[in-house]
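In: have a look at this prediction, sequence included:
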Amino acid sequence: EVQLVESGGGLVQPGGSLTLSCAASGFNVTHSVMSWGRQAPGKVIEWVATFLIWGGTETADSRFTITRDNIRNMVYLQMSDLRPEDTAVYYCVRGTWDVVRAGKKFGSWGQGSQVTVSS
């Protein structure tokens, strides 16, 4: 069974940093495209970053970095210089940016991790 479990969310002050973790099970992350998406209250799901199978990455914002740990079968999202507008539920997704933008009906999604940026 494919399962994705996010952790590491919480409350952070503007300008701060946070790293989200995604533990994958039931498949090997080295054989899948892995992405992060987010959804702010009242807004559509937004693509954040993608880690390609061959090791390349794509991000929507240079403040965010996606990495992969092949041994631990995990994916991470490092976020820096956080702003109040980054407040959202962040999701780990097995799939490309198109899968993220298409919504939760496609691919495999974690339960989400809340990130709140506020002073």
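Out: That came through fine. Computed from a predicted structure; not experimentally measured.

In: bridging residues for the most centrally placed residue in the chain?
Out: Centroid check for the chain by Cα atoms, centre = their mean gives residue 36 as the closest residue, at 2.6 Å. The partner list for residue 36 in beta bridges (DSSP bridges) reads residue 49, residue 92.

In: packing partners for the helix or strand hosting residue 47?
Out: Assigned by DSSP states H and E, residue 47 belongs to strand 46-51. For strand 46-51, the packing partners by 3 or more Cβ pairs under 8 Å, 6 or more residues apart in numbering; DSSP states H and E come out as strand 34-39, strand 57-59, strand 64-69, strand 74-79, helix 97-102. Glycine gets a C-beta too; all of them are placed from N, C-alpha and C.

In: rerun that using 10 Å as the cut-off
Out: strand 34-39, strand 57-59, strand 64-69, strand 74-79, strand 88-94, helix 97-102 (3 or more Cβ pairs under 10 Å, 6 or more residues apart in numbering; DSSP states H and E).

In: residue contacts, the residue nearest to the centre of the chain?
Out: Listed by Cβ atoms under 10 Å, 6 or more residues apart in numbering, the contact set of residue 36 reads 6, 20, 22, 46-51, 59-60, 64, 66, 75-77, 79, 90-93, 100, 110, 113.

In: my guess is residue 34 meets residue 22, correct?
Out: Yes - using Cβ atoms under 10 Å, residue 34 makes contact with residue 22 at a distance of 7.4 Å.

In: joint contacts of the two?
Out: What both residue 34 and residue 22 touch, as defined by Cβ under 10 Å, 6+ apart, is the set 4, 66, 68, 74-75, 92-94.

In: I'd like the helices and strands packed on strand 46-51 laid out as TSV, including mean pLDDT.
Out: Formatted as TSV, the helices and strands packed on strand 46-51 follow (pLDDT from 0 to 100):
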stretch	mean pLDDT
strand 34-39	98
strand 57-59	96
strand 64-69	98
strand 74-79	98
strand 88-94	98
helix 97-102	93
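
In: take these and lay them out in CSV including distance to residue 117.
Out: Putting the helices and strands packed on strand 46-51 into CSV (distance: least, Cβ to Cβ, whole Å) gives the following:
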stretch, distance to residue 117
strand 34-39, 12
strand 57-59, 18
strand 64-69, 13
strand 74-79, 9
strand 88-94, 9
helix 97-102, 21
